[in-house]
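Peer 1: just the structure for this:
(2 chains)
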Amino acid sequence: MVNVRDLPERELLYGHKACPGCAAGTVARLILKVTGERTFLAYPASCLSTVTSIYPQMAFAVPSFTAPFAATGAVLSGMAAAVKAKKMQDVTVLGIAGDGGTADIGLQAVSGAVERGDRILYVCYDNEAYMNTGIQRSSLTPYGAATTTSPAGKAGGAIGEKKFKKNLFEIMVAHRIPYCATASVANIADLLGKVAKAKDTDGPSFLHIHAPCPTGWGFAAERTMEIARLAVESGLWFLAEYQDGRVTLNYRPKEFIPVREYLKTQKRFRHLGPAEWNVIEEQRDREWAVISGRWEPAGREKA
Amino acid sequence: MTTLSKDLAASRQFISANDAVSYGVRLCRPEVIAAYPITPQTTVVEKLSEFVANQEMDCQYVNVESEHSAMAACLGAALMGCRTFTASSSQGLLYMCEMLHYVSGSRLPIVMMNANRTVAAPWNIYGDHRDSIAMRDAGWLQLYVESAQEALDTVIQAYKVAENHQVMTPVMVCLDGFVLTHTYEVVKVPSQAEVDRFLPPYAPTENRLDLAAPKSCCISVSPEWQTEYRYKQHAAMQAAKKIIGDVDAAFGAQFGRRYGGLLEEYRCEDAEYVLLMMGTIAGTARLVVDKLREGGVKAGLVKIRSFRPFPREEIVRLAQGVKGIGIVDRDISFGYEGALGTEVKGAVQGAAPAINFIAGLSGRDVTKDNIEAMYRKVIDLARGQAEEEIQFVGLRWEQW
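Peer 2: Down below sits the predicted model:
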């Protein structure tokens, strides 16, 4: 666990140009509070690069690099090799990438880096679409979400994104990665604790963080935390970690709130009605049945 | 600098050009190698991984899952101030294309070997220059070599050029696939001590990731500044022209072998008919020049060693007093002509009549007879006979 009172006051991400209410900015700032000044950072083309690194201004106070979109994992491997070659001690090699840069174009490179066992900390902030280029769907866009490449359409026939969100956490678990976890920007204590564990992991670690986007999802800037929390409480996002070969569910709501209470907060879902809400609820229940079957023995102890 | 128990002593070895590259790389003491296998490059990276496994090199060897990642990992390590190496070929080089621009724009002195092989389709694993020529504008220096010895020596020179603070630009050392990469020759392998004397440890500039002086590298640059970045890349490449020559001369002074810097002239002093080419074809063409000279024809050849930066001034000088020029390309830019043809013709600006020969595509043999026929055609052209400006050598459907 990390005690927020022990976090350094110094900001290592400061003065960025992200939209008001951007969860990605908050996530990056908090992570750097834990990894500290001895961090080498790489981030691909993403909202994060666009709002932090425009010549001649830099918003990161740690050495940082805008990595090629497809290659964050491989750049981190090279940095980790350099840490060994230069015999550097007590440093964190950190990558922060979006859902597209991780689960789509960057998946091969991050898989390679994890499989190699390089000591890196890879963070995927998941705002569920390519926000930087103007809200196009990714493989982590949820069912029913309207994006500019999965539009809801005018005739009422389209429902937005037609496929369910890929389970990136389980892909990482399948690598038998030393440490990986999901987290939410709404649960900061849980998030910080997981960053600390990842930082101390002697090998690759991976965090998948749900990060609502006011601009892309269509909600007011002050509702970011509330909406992130609704995702967890409705069972559309889950908090889990994988360590020592087993998954732990960190939190299971006693009873899920109806998904419509989450969906109705956002413009990207406003074309959906009871029929689609049911599809989403059924899919949620199926996913949780799978999750429960695989992981629950450990999770129930905590619930 | 670590002294390993197995530091190389000077020796003469009967090895392939790929092995010669591996020995050259080993002698340069890279700190990180990241590589992905592809024919005909593979034996280079196999040999290097063997050196590392035998603790004959003090180096982090990173097995990556693609060529794109190979160059990305080299980029990550070079950003942290490491000397790095990778090797590729053909489809692999094309797959890395994005990364090549990234590395040159980031001004990192990565050295890579490319085993020249054609690109699909149709599928073919044999040699021509279409892979590296397609990377002409990626901002890398491109050096083409003719022999295993030149390959080894050029790898060592490449680091010295790339890491020069006026250059700080990556270098691609190009070897013709199979014809060179898999041909065995007696190669003089210099001692580790000698190479250490020639090539000191890499001293990066402040353009690197450094905990003591945090910077954002590869930062986004607006239209307001991008031109200045590009100008500096161009200026560095232009500066490299002199440095390639200086490094080759210094290498010659220490090791007794030199290669002419940007280009090598063979019997060009009073030559009237000159063929220009890159890579191994020059080896065959020398014999043809000797034969033609015996028959009283004033033939000469120019082996372009550095395609980027391009030795324009040297070629302009050489073209003076020449009656005819032939440019041999192991590539073709569809819809125009061979890449070397374009460059040479652009440089000499009609000072001498020229034919662009497209030869040796996808491993097609280029024989002494082929080359002699090229000279004959250049002579015919110089004497006023009509000749096609672009000719595919050995084409089944024409008079070759």
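Peer 1: contacts, neighbours, all on C-alpha from now
Peer 2: Fine.
Peer 1: tell me the confidence at residue 135?
Peer 2: The chain I'm using is chain A. A:Ile135 is assigned 96 on the pLDDT scale.
Peer 1: I was after chain B.
Peer 2: Here the pLDDT value assigned to B:Met135 is 98.
Peer 1: surely A:Asp126 meets A:Gly98?
Peer 2: Yes. If you go by Cα atoms under 8 Å, A:Asp126 and A:Gly98 touch, sitting 5.7 Å apart.
Peer 1: the two: which has the busier surroundings?
Peer 2: A:Gly98 (30 against 25; other Cα atoms under 10 Å in any protein chain shown).
Peer 1: quick one, what contacts that one?
Peer 2: A:Ser46, A:Cys47, A:Cys124, A:Tyr125, A:Asp126, A:Asn127, A:Tyr130 (Cα atoms under 8 Å, 6 or more residues apart in numbering or on different chains).
Peer 1: now do the same for residue 188: its pLDDT.
Peer 2: Chain wasn't specified; assuming chain A. At A:Ile188, pLDDT is 95.
Peer 1: sorry, should have said chain B
Peer 2: At B:Lys188, pLDDT is 98.
Peer 1: I'd like the mean pLDDT over stretch A:272-289, please.
Peer 2: Averaging pLDDT along stretch A:272-289 gives 96.
Peer 1: contacts for that stretch, please.
Peer 2: A:Tyr143, A:Gly144, A:Ile159, A:Gly235, A:Leu236, A:Pro258, A:Val259, A:Arg260.
Peer 1: keeping just the C-alphas, turn it into CSV.
Peer 2: Taking Å, rounded to 0.1, in the frame of the first residue of the first chain, the C-alpha atoms of stretch A:272-289 are listed here in CSV:
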residue,chain,number,x,y,z
LEU,A,272,-29.0,2.9,-27.0
GLY,A,273,-32.3,1.7,-25.5
PRO,A,274,-33.6,-1.1,-23.2
ALA,A,275,-32.8,-3.8,-25.9
GLU,A,276,-29.1,-2.8,-26.1
TRP,A,277,-28.9,-2.3,-22.3
ASN,A,278,-30.0,-5.9,-22.0
VAL,A,279,-27.4,-7.1,-24.4
ILE,A,280,-24.7,-5.2,-22.4
GLU,A,281,-26.1,-6.6,-19.1
GLU,A,282,-26.1,-10.1,-20.4
GLN,A,283,-22.6,-9.8,-21.7
ARG,A,284,-21.5,-8.4,-18.3
ASP,A,285,-23.1,-11.3,-16.5
ARG,A,286,-21.4,-13.8,-18.9
GLU,A,287,-18.1,-12.1,-18.3
TRP,A,288,-18.5,-12.2,-14.6
ALA,A,289,-19.5,-15.9,-14.7
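Peer 1: go through that stretch and flag the buried ones.
Peer 2: For stretch A:272-289, burial by neighbour count (16 or more other Cα atoms under 10 Å in any protein chain shown) applies to A:Leu272, A:Glu276, A:Trp277, A:Ile280, A:Glu281, A:Arg284, A:Trp288.
Peer 1: from the residues you listed, which ones fall inside helices?
Peer 2: Counted as lying in helices by DSSP state H, out of those, are A:Glu276, A:Trp277, A:Ile280, A:Glu281, A:Arg284, A:Trp288.
Peer 1: which one is B:Ser49 nearest to, not counting chain neighbours?
Peer 2: Of all residues not flanking B:Ser49 in the chain, B:Tyr61 sits nearest, at 6.6 Å (Cα to Cα, 6 or more residues apart in numbering or on different chains).
Peer 1: state the helix or strand in which the one you found lies.
Peer 2: Assigned by DSSP states H and E, B:Tyr61 falls within strand B:60-63.
Peer 1: tell me what that strand is packed against?
Peer 2: With contacts taken as 3 or more Cα pairs under 8 Å, 6 or more residues apart in numbering or on different chains; DSSP states H and E, strand B:60-63 sits against helix A:72-85, strand B:32-35, helix B:42-53.
Peer 1: now render the ones you listed as CSV, adding distance to B:Leu262 and mean neighbour count.
Peer 2: Listed next are the helices and strands packed on strand B:60-63 as CSV, based on distance: least, Cα to Cα, whole Å; neighbours: other Cα atoms under 10 Å in any protein chain shown:
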stretch, distance to B:Leu262, mean neighbour count
helix A:72-85, 32, 30
strand B:32-35, 27, 29
helix B:42-53, 25, 20
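Peer 1: where does the residue of the stretch 201-350 of chain B found nearest chain A sit: helix, strand or coil?
Peer 2: Per Cα to the nearest Cα, B:Pro214 is where the stretch 201-350 of chain B lies closest to chain A, at 4.2 Å. B:Pro214 falls in the coil class when you classify it by DSSP: H, G, I helix; E, B strand; the rest coil.
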